[in-house]
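In: Give me coordinates for this.
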Amino acid sequence: DRQLSIADTLDLTVNEAARLFAEDREVLARLQPIVDVGLDYVRLGQPVPTLSGGEAQRLKLAGFLAQAAERPGQRVASKGTLYLFDEPTTGLHFDDIAKLMRALRKLLDAGHSVITIEHNLDVIRAADWVIDLGPEGGDEGGRVVASGTPEEVAKSKASYTGQFLRELL
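Out: Below is the predicted model:
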């Protein structure tokens with residue numbers, strides 16, 4: 001057994017720590033939500049202000065997942081919570097996007113609602129409901145171009161998102 005100092009431990013990535021503490025259920029319970037949102041590469045001692053906006057959002061999501069895990073079968077908030085994420089997939093690799101989607105699904109399964117502002121077509125395709133704003137960005141946008149299930153939005157001739165969804169679906 002190798003003895004680690006506090007500094008050595010804080011220099012571990014979440015993934016390394018999960019492997020090192022694999023026998024400690026309490027430590028794993030704290031690390032698993034971070035792994036679930038695709039942040040297993042982050043160092044334990046990394047200051048939060050050094051995280052990107054997307055990483056910070058995913059770390060918050062990991063906190064919500066940890067709360068939900070502490071009370072299985074119960075909602076974290078008594079009436080359910082509305083979570084809003086702004087482009088949480090930015091900078092993520094395909095596998096990490098899949099992890100993030102599973103994490104968001106856990107919130108939905110726990111009785112919460114999730115609104116995601118997103119441009120990733122795989123995320124849009126997996127949505128229950130899509131509201132496509134446009135038709136352009138900035139001053140030329142902000143109007144509802146299409147709304148409905150991804151399949152319904154894909155049928156919209158006015159929706160750029162719909163055009164890309166048609167190819168995917």
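In: Neighbours of L84, how many?
Out: L84: 10 surrounding residues under other Cβ atoms under 10 Å. C-betas here are computed from N, CA, C, even on glycine.
In: Contacts only, for it.
Out: L84 sits next to 114-117 when contact means Cβ atoms under 8 Å, 6 or more residues apart in numbering.
In: Could you identify the most distant pair in these?
Out: Pairwise distances across the contacts of L84 peak at 11.1 Å for V114 and I117 (criterion: Cβ to Cβ).
In: Now do the helix or strand bottoming out on mean pLDDT in the chain: distance to the chain's middle.
Out: Across the helices and strands of the chain, mean confidence by mean pLDDT, DSSP states H and E is lowest for helix 53-70: a mean of 82. Relative to the centre of its chain, helix 53-70 is centred 8 Å away, using Cα atoms, centre = their mean, to the nearest Å.
In: before we move on, what SS does the residue most central in space within the chain have?
Out: For the chain, the residue sitting closest to the mean C-alpha position, by Cα atoms, centre = their mean, is L100 at 3.9 Å. Under DSSP: H, G, I helix; E, B strand; the rest coil, L100 falls in the helix class.
In: Enumerate every residue touching it.
Out: So L100 contacts 37-38, 58, 61, 88-89, 92 (Cβ under 8 Å, 6+ apart).
In: The same query, at a cut-off of 10 Å, please.
Out: Neighbouring residues of L100 by Cβ atoms under 10 Å, 6 or more residues apart in numbering: 36-39, 54, 57-58, 61, 85, 88-89, 92, 116, 120, 123.
In: what's the answer for G162, then?
Out: Going by Cβ under 10 Å, 6+ apart, G162 touches 124, 130, 132, 145-146, 148, 150-156, 169.
In: mind running it again at 7 Å?
Out: Contact analysis of G162 by Cβ atoms under 7 Å, 6 or more residues apart in numbering lists 132, 146, 153-156.
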